[in-house]
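[1] model the following, please.
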Amino acid sequence: MSSGDGRGQAASGTFGAATRAVMPQDDVVRLLLLRHGEVQGFEQRLVRGQIDLALSRTGRAQHAALVDWLLHHGPRIDAVVTSDLVRCRDLGERLARATGAPLEVAPALREQSMGAWEGLPWDEVTRREGAAINAYWADYFQAAPRGGESMAAMFARVAAWWHARRASYVGRTVAIATHIGPLRAFLCELLGRPGTEALRFAPAVASCTEVLVSTPGAVVDTLGERPWLADAAALAALREDTLRALGRATAGTLDPVDTAESWGKEDYALRLACIESWLLERIREWASGAGNGAGSGAGGAQAPRGSQTEALFAALEELREARQWTDTPINKPLAIERLLWRLIPAASSRRPG
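    Here you go, the predicted structure:
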């Protein structure tokens, strides 16, 4: 980000000298690549592909927040394009209504078709497919799921759509609401990277990636940013979602593996801050209870508290360990999973008395 207000040169509508040197002003297409928000069952490790999944309540709120931010802080949008699947159409339609820009619905921007695997948990696919799933992961770019399409085929589909429309977008700002697969396809195509490196790009849900494209090449101005999270209401919603998960831990219904898969990619540092606040509050409650004589047994003897307090402090130590992975995406899910396993006994500890 380069502008004084923290919104970057793209948001201000002006480009720095280095950008102008490689990018003629009359040849620029400004792309806002938007990933859809959270879908229902987001925390589950399902093969989604082209299933037309509905947004969760959180996902709808994310879309509202992202559209509001773009409307008030982003560049003027000249056209909106969306995948035809409802999780993207909701975002595209909201943005088109808010900006007054024309809307194009493009089935070519759908997610990769995962064929017979769609709707199944990944562990069930592994059991059913046996050697086929190993072959798929050995060459995930060229291999196709049974009855589906390869990532390479999806990339070709997205590239064909882009090249057919690029000339009509020159000099305009175009917002594209799509999925993680097509987003990776755009980035590899525009930056000249092989598709086998696609998994290096992992923009979060409800994020904006801004790319300036011209004949000499492309410049990534922002990658996977979620500026709407600075909004107080959005932060409150994230905290509420985290606390609900801790409530599930208390009830013994939290799955650390599934939760880690989403939390390890989305709002990692903010989630850790919410958990730390929760842990410190629990520790203060225990200290206050002990000081007031709460939890005393017969004859005023203090009830044993060792296992509960140990769980709380062990979780706090694990959280501080997890903080070191804030800038290392590949380790985040594992760090979150380790922390959540610690939190299950910690969440179950209650104030004495």
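[2] quick one: residue 211 is in a helix?
    No - counting by DSSP: H, G, I helix; E, B strand; the rest coil, residue 211 falls outside a helix, being strand.
[3] check contacts around the closest residue to it other than its chain neighbours.
    In space, residue 211 comes closest to residue 31 once its chain neighbours are excluded; the distance is 4.7 Å by Cβ to Cβ, 6 or more residues apart in numbering. In short, each C-beta sits where N, CA and C put it, glycine included. Counting by Cβ atoms under 8 Å, 6 or more residues apart in numbering, residue 31 makes contact with 174, 176, 186, 190, 210, 211, 212, 213.
[4] give me the neighbour count for the third one.
    Using other Cβ atoms under 10 Å, residue 186 is surrounded by 25 other residues.
[5] for the last one, same thing?
    Using other Cβ under 10 Å, the number of residues around residue 213 comes to 23.
[6] need the contact list for it.
    28, 29, 30, 31, 166, 190.
[7] can you do 10 Å?
    Contact analysis of residue 213 by Cβ atoms under 10 Å, 6 or more residues apart in numbering lists 23, 27-31, 162, 166, 169-170, 174, 186, 189-191, 219.
[8] which one among the residues you listed gets closest to residue 50?
    residue 186 (17.8 Å; Cβ to Cβ).
[9] in a helix, that's where residue 174 is, yeah?
    No - under three-state DSSP, residue 174 falls outside any helix and is assigned strand.
[10] so what's it bridging to?
    Beta-bridge pairing for residue 174 (DSSP bridges): residue 31, residue 79.
[11] out of the contacts of residue 213, which sit inside strands?
    Using DSSP state E, 29, 30, 31, 174, 219 are the members of those that sit in strands.
[12] circling back: which two from the contacts of residue 31 end up farthest apart in space?
    176 and 212 (14.1 Å).
[13] more neighbours: the two, which one.
    Comparing residue 176 with residue 212 by neighbour count (other Cβ under 10 Å), the higher total belongs to residue 176, at 26 against 21.
[14] returning to that earlier point: now for the contacts of residue 213, which pair is the farthest apart?
    170 and 191 (18.9 Å).
[15] return the set of buried residues in stretch 83-101.
    83, 85-96, 98-99, 101 (16 or more other Cβ atoms under 10 Å).
[16] swap in stretch 145-155?
    For stretch 145-155, by 16+ other Cβ under 10 Å, it's 145, 148, 149, 150, 151, 152, 154, 155.
[17] relative to residue 193, how far out is the last one?
    Counting by Cβ to Cβ, to the nearest Å, the separation of residue 155 from residue 193 is 11 Å.
[18] common neighbours of these two, please.
    What both residue 155 and residue 193 touch, as defined by Cβ under 10 Å, 6+ apart, is the set residue 184.
[19] what secondary structure does the residue nearest to the spatial centre of the chain sit in?
    Centroid-nearest residue in the chain, with Cα atoms, centre = their mean: residue 204, separated by 2.7 Å. Secondary structure, three-state DSSP: residue 204 is coil.
[20] quick check: it touching residue 263?
    No - if you go by Cβ atoms under 10 Å, residue 204 and residue 263 don't touch, sitting 11.3 Å apart.
[21] what distance do you get for residue 314 to residue 283?
    According to Cβ to Cβ, residue 314 and residue 283 sit 12 Å apart.
[22] tell me how many other residues crowd residue 275.
    26.
[23] what helix or strand is it on?
    According to DSSP states H and E, residue 275 maps onto helix 268-291.
[24] now do that helix: which elements does it pack against?
    Here helix 268-291 touches helix 232-250, helix 256-263, helix 306-322, helix 332-348, going by 3 or more Cβ pairs under 10 Å, 6 or more residues apart in numbering; DSSP states H and E.
[25] show me what counts as buried in that helix.
    268, 270-276, 278-279, 282-283, 285-286, 289-290.
[26] distance from the chain centre to it, please.
    Offset of helix 268-291 from its chain centre (Cα atoms, centre = their mean, to the nearest Å): 26 Å.
[27] now do it, average pLDDT.
    Mean pLDDT, helix 268-291: 72.
[28] could you shift the numbering so residue one becomes 35, and keep it that way?
    Sure thing, new numbering starts at 35, so read that last one as helix 302-325.
[29] tell me what angle it forms with helix 266-284.
    60 degrees (axes from the mean of the first three to the mean of the last three Cα atoms, to 10 degrees).
[30] now helix 302-325 against helix 290-297, angle please.
    Using the same axes, to 10 degrees, helix 302-325 lies at 130 degrees relative to helix 290-297.
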